[in-house]
Every structure is written in structure tokens, then in C-alpha cells.
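>>> Coordinates only, no sequence provided:
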């Protein structure tokens, strides 16, 4: 009976994959690096990533508000969950850097971790990046180069998956292949001729999602990286004093070589900012692209595997961002002379 | 030298070279980090075999090291995506 | 849906979540079309759909987990 069930499950998965491959594929992926603006509030463009980040903030606030109402000594329910998360992370921090600095760095580091993990996982929730408004290709400012044909179903514009057929058939997408110096009239003419055979209720346009994962916009990770850089400098200066901490960068004692080492340290700080940004941005944005491509090529089964990968990657990237902030905080706080003796008590390798 | 004279059957347009560039960017850029992560994990396994009690410390530091190595692959990926989709 | 095997119940939860969201968005878009106030009602419909979907899905998931029960642990 066990073998039969196993074979049935495998057959069911293969059948599901086949059904997905022939009839549930989406249109060609259109990848948009910039976050799309939904509304313009005065001079301030409200992008869909800012909206999602507000949702993340409200979610985290509500979670911890409900966890701290009527607190009891033996936690139950939401308080139990919140305490579990915080305690696990606190133990990890204290194990890595010791009690004294751990208590001091913990709030910032844990905030970064919770914010990044919530925003990454929220980007995997059902309606993010799929539900939005349709902007026609012949837009206000300029004609877009790529678009997808939307059908109408019950009044909403949807991308209908292709009908079951062999070879597999996908929803129609329109690409205007024009050289880079084509004028607006050329583009409009090409658009006219490409959309000449559309039915009246079909639209050729691009989907602008209402919500988009926060870290797929370069500004999100950049803001977090700037914040963690500011905090690392603040911890260094407040522990060691301005001149002792500054002597790491402006090293007047070691001669000309020491001076250049100081400048290199400064460059390393700036490079760290960029590296934090691009690590988080690259991982999450590449995940989005992977989703789009897999939905285009092999839905249902490969999609589940990619979903699991994205869950894991979201968690790990949050953990790495927080831990790297912590480690660089410790490096900033231990001054250069006693750096060796203190650093040897710590767990992690001090990265260079 | 006009490539279309040398290979007259291929139509080498600007767009084609752009895509080739994007493919090479990520192909070469992922070799180094892959080797680095493999070596890192191998050494971590060795250390774990010698001292199984230190497992949490070893695992944490291994993940940190892997993050540094993977960041380089991510830079290559971002460059490839920008060449392919933005330019 | 009480006595069905857990796999089928989980599939049911998935369909329920998708259906709630689509229903919320359709209702919102329809209201927008009649009242010409885009996209306010679309977003409200989306929010209500999401809330209903996740709350109902969470309840059903808890039921499924307690039906699988402590037999599978350990």
C-alpha cells in the first residue's frame, strides 16, 4: 500500500507539472528595475515599495503591540511567539559578541533582522507583485517597449493563461524592437501595427503592482545600509571617544604607510556600505526575476521549489545583514591596540 | 572590422552583443564565489569533524563567510541583469 | 471538510485564499467602475480580501495541524 501511494503521488505531481507546462504559463517576463510610482503626492512620488514598507511597519507594530498587552509572567499565544523570536536572537547575539556589547547592540540589530525578514517574507505573500493596475503601452510620457496583452474577465484585466495545446502556448506579449534612436512617432506607429489585431476589450499594457517587495527597490537596502553604517560609527565614537576612533582613519603615528592604511580603512567603510546594499538588493531582486522566469517556463512544480528557496534566502539575508552589522560594530568598538586581545575572545573571524 | 563581413550568415546586431555580454558577466562572475563557498564549507566540515561540540559557533561563522563570498556573485548578477534588462 | 485527508484540506485552504483575494479585488474594481473613484475601492477590496483570506486560512490551518496532531511528532 505504501508503494502504490508513492507511485500515485509521483504520477500526480507529473500530471500537475504537465498541466502547468501546457496551460498555466504566464507571459514573457517584463522586469522593471525601478520601483513604479503609483501616485504623486506633491513632489513626492509614492512608489509601491514605500507602500509595502508602511505595511511592514504597521504589521510589526501591531504584532508587538498585541504581544505586550496584558503581559503575564508565563507567556501564552502571541506573547509566547514574540518572546521566542526575541530570545532566540538575543542568545545568538550574546553568544557571538559577549554579554556587555551584546545588550547594547541588540535593539538595533534585532530591529534590522525583524524588518528585513518581514519585508522579504511579505514579498512572497499572495497578492504582492501580482495585483495592480494596468498601464497601457501608449502611456502618458512615452511609449513603452514591451507589454503584455490583457484580456477582460468579469470587468478586470487579467493575463489569461494559454489554452492547453501542444506546443505550449503562452499569453501574448508585445515587444517593439526598435533601434535606440527611434522617435516617438516611430514607436507609436510600431505600436499601432502590433496591436492592430487585438479584440476591442483586450488591452496591451504593463502590470504595475500595488505592492512590491521592499528590498527589490535599491532605495530600501541603501537606507538600511546607511542606517547601520551610522550606528556602527556612533557605537565606535561613543565607546572610544572621537579622537581615538578617528585615529583609525587619520593615522598620523605610523608614518606615511600608516596614513595610507587609514585612508584604506575609510575606503573600506564606504565599500562596506555598497556591499551591504547590493547583497540584500541582489538576492531579493534576483529572486523576483527567478519567480517571473519560472512562471513563464515551468509552473507548478519548479515554482514550489523556488518558493522554498526564496523563503530560505529571505531569512538568511536578514540574518546576515543583522550579523554583519553586529560584527562591524564590534570591530569599531574594540580599538586598534587592544583589538587583538579582545578579538580573540570573540567567536567570529574578524573580517577584513 | 565589420563582423557582418566576417560572418555573413549571422546577423550580429547590437541587441545580440548585449545579451552575450550579460551572459558572460554572470558566467565568469559566478566561478570565483562558487569555488570560495565550496572551500569554505569544506574547511567548516573539517573543523566540525574535529570538534563536534563547537557546532553552533562553527555554523554561524560559516554562514557569515558564505555571505561575504556570495555577495561577489550577487554583484556579477546585478551587472548582468542591468546589462540585459536596463540598457 | 472535517474528515478529509490533510493533503486535500491544504489544497482547499490554498483555493480559499486565492478565491478570497480575487473576490475582494473584483468587488473593489466593480465599485471603482460604478463610482469612478479609482483606485481607492480596489485597494480597500484588496485589503479586505487579504484579511479575510489570511484569517480564514489561519483558522483552517490550525484545524489541520491539530488534526494531524501529536502522532507525527518525534
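Noted; the coordinates are in hand. Remember, predicted model here, so these are calculated numbers, not experimental data.

>>> Name the residues linked to residue A:39 by a beta bridge.
Per DSSP bridges, the residues bridged to residue A:39 are residue A:46.

>>> How many residues are close by it?
Counted with other C-beta atoms under 10 Å in any protein chain shown, residues neighbouring residue A:39 total 10. C-beta coordinates here come from the backbone N, C-alpha and C atoms, glycine included.

>>> There's contact between it and residue A:46 in this structure, I believe.
Yes: taking contacts as C-beta atoms under 8 Å, residue A:39 lies within contact range of residue A:46: 4.8 Å.

>>> where does residue B:64 land in three-state SS?
Three-state assignment for residue B:64 (DSSP: H, G, I helix; E, B strand; the rest coil): helix.

>>> That one is in contact with residue A:328, isn't it?
No: contact status for residue B:64 versus residue A:328: not in contact, 11.2 Å apart, counting by C-beta under 8 Å.

>>> if I look at the most centrally placed residue in chain A, how far off is chain C?
In chain A, the C-alpha nearest the mean C-alpha coordinate belongs to residue A:215, at 3.0 Å (C-alpha atoms, centre = their mean). Using C-beta to the nearest C-beta, to the nearest Å, one obtains 20 Å as the distance from residue A:215 to chain C.

>>> Could I get the contacting residues of the one residue in the stretch 1-150 of chain A that gets nearest to chain B?
In the stretch 1-150 of chain A, the residue found nearest to chain B is residue A:31; the distance is 4.6 Å by C-beta to the nearest C-beta. Under the criterion of C-beta atoms under 8 Å, 6 or more residues apart in numbering or on different chains, the contact list for residue A:31 reads A:289, A:292, B:81, B:85.

>>> helices or strands up against the host helix or strand of the third one?
Spelled out, it's residue B:81. When elements are defined using DSSP states H and E, residue B:81 is found to belong to helix B:55-81. Contact analysis of helix B:55-81 by 3 or more C-beta pairs under 8 Å, 6 or more residues apart in numbering or on different chains; DSSP states H and E lists helix A:77-97, helix A:255-297, helix A:301-333, helix B:14-29, helix B:31-50 as its packing neighbours.

>>> For the residue minimising distance to the centre of chain B, list the residues it contacts.
Among the residues of chain B, the one closest to the centroid is residue B:30, at 1.8 Å (C-alpha atoms, centre = their mean). The neighbourhood of residue B:30, defined by C-beta under 8 Å, 6+ apart, consists of B:73, B:76, B:77.

>>> now do residue A:81
Neighbouring residues of residue A:81 by C-beta under 8 Å, 6+ apart: residue A:67.

>>> Check what pLDDT it gets.
pLDDT, the model's per-residue confidence, is 88 for residue A:81.

>>> give me the residue from chain B nearest chain C.
residue B:55 (21.9 Å).

>>> What sits closest to that residue if chain neighbours are left out?
Excluding its sequence neighbours, the residue lying closest to residue B:55 (C-beta to C-beta, 6 or more residues apart in numbering or on different chains) is residue B:48, at 6.2 Å.

>>> Count the neighbours of residue A:190 for me.
Residue A:190 has 18 neighbouring residues, counting by other C-beta under 10 Å.

>>> Which pLDDT value goes with it?
Reading off the model, residue A:190 has pLDDT 75.

>>> separation between the nearest residue to it once chain neighbours are set aside and residue A:147?
Ranked by C-beta to C-beta, 6+ apart and with sequence neighbours excluded, the top spatial neighbour of residue A:190 is residue A:176, at 4.9 Å. Spatial separation of residue A:176 from residue A:147 under the definition C-beta to C-beta, to the nearest Å is 8 Å.

>>> Looking at those two, which is more packed in?
Using other C-beta under 10 Å, the more surrounded residue of residue A:176 and residue A:147 is residue A:147, with 29 against 19.

>>> what pairs with the more buried one across the strands?
Residues found in beta-bridge contact with residue A:147 (criterion: DSSP bridges) are residue A:174.

>>> I'd say it and residue A:174 touch.
Yes: contact criterion C-beta under 8 Å: residue A:147 and residue A:174 qualify, at 4.8 Å.

>>> what touches both of the two?
Common contacts of residue A:147 and residue A:174 (C-beta under 8 Å, 6+ apart): A:137, A:204.
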